[in-house]
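Participant: Structure, please.
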Amino acid sequence: VSTSTTCDDGNACTGPLDHCDSSGECHGAPIGGCCTTNAACNDQNPCTDDTCDLGTHTCANSTKTCTPSDLCHQASCAPDDGSCVEAPIECDAGATCSADTGQCVTGCPCLALLPDGWQPDELSGGGDAGVCSDGSTASGGSYYGTDTSTNIQLTLSESHNGDCMGTDSYSCSVTGHPSLSLTLEQYRICQDALLN
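Facilitator: Numbers count the residues shown, from 1 in each chain. Take a look at the predicted model:
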């Protein structure tokens, strides 16, 4: 068989002309950068999605997209194994991240979630207390202010040594929005809005 005889080896990634060898088998020279499977496009980077376009037989190695669980976290790809990991957005002292905007805010972040003209014409709630095994007091409570014309409620919650480990925590929430963690300074600002 003449080695000058052209043929087709059925492989889109050889060529441009395939030829018969002396044993009658058809072969072609590999075409650089050509692919027929996704595996052929593996760039050994766990943080890329490697695909082969079977129409053009070219590789695409697109950066893997990681989506955070909420606006107050950032997500990225771990270069060791390609998994998505997230970390909270860090705010300066005295500020917290708003779950609605992803921005760091000072003062009481729940106030920005209240509609214009909101007035708490109905107040309720209170505290509770218990004793930890070391004899210290665990106390906390939730306080509610409701604008009865809109039924939108501002809730403030505080816990002092509530887990018997000396941990104080503060939070606020507005009807229809998730609870937000507060610093003590922010909690006091929220209290002023609720009680004054």
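Participant: Okay, and the residue nearest in space to the middle of the chain sits in which element?
Facilitator: Central residue of the chain (CA atoms, centre = their mean): residue 68, 0.9 Å from the mean position. Assigned by DSSP states H and E, residue 68 falls within no helix or strand.
Participant: Also residue 194?
Facilitator: Assigned by DSSP H and E, residue 194 falls within helix 184-195.
Participant: Restricting to C-alpha, output that helix in PDB.
Facilitator: Provided in PDB are the C-alpha atoms of helix 184-195 (Å, rounded to 0.1, in the frame of the first residue of the first chain):
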ATOM      1  CA  LEU A 184     -23.600  46.500  72.200                       C
ATOM      2  CA  GLU A 185     -23.300  50.100  70.800                       C
ATOM      3  CA  GLN A 186     -25.600  49.200  67.900                       C
ATOM      4  CA  TYR A 187     -28.100  47.500  70.300                       C
ATOM      5  CA  ARG A 188     -28.300  50.700  72.300                       C
ATOM      6  CA  ILE A 189     -29.100  52.700  69.200                       C
ATOM      7  CA  CYS A 190     -31.800  50.200  68.300                       C
ATOM      8  CA  GLN A 191     -33.300  50.500  71.800                       C
ATOM      9  CA  ASP A 192     -33.400  54.300  71.500                       C
ATOM     10  CA  ALA A 193     -35.400  54.000  68.300                       C
ATOM     11  CA  LEU A 194     -37.800  51.500  69.900                       C
ATOM     12  CA  LEU A 195     -38.400  53.100  73.300                       C
END
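Participant: quick one: low-confidence ranges for the chain?
Facilitator: 1-4, 127-138, 161-166 (pLDDT under 70).
Participant: Could I get the full set of strands for it?
Facilitator: Using DSSP state E, the strands found in the chain span residues 6-7, 18-20, 26-27, 48-53, 58-63, 73-77, 84-88, 95-97, 104-106, 122-131, 137-147, 152-160, 168-174, 180-182.
Participant: want to throw the ones you listed into a markdown table with mean neighbour count and distance to residue 195?
Facilitator: Placement of C-beta: from N, CA and C, glycine included. Conversion of those to a markdown table gives the following (neighbours: other CB atoms under 10 Å; distance: least, CB to CB, whole Å):
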| stretch | mean neighbour count | distance to residue 195 |
| --- | --- | --- |
| strand 6-7 | 14 | 89 |
| strand 18-20 | 17 | 85 |
| strand 26-27 | 14 | 86 |
| strand 48-53 | 16 | 54 |
| strand 58-63 | 13 | 50 |
| strand 73-77 | 15 | 33 |
| strand 84-88 | 13 | 30 |
| strand 95-97 | 20 | 21 |
| strand 104-106 | 16 | 20 |
| strand 122-131 | 11 | 8 |
| strand 137-147 | 17 | 8 |
| strand 152-160 | 19 | 9 |
| strand 168-174 | 19 | 13 |
| strand 180-182 | 20 | 15 |
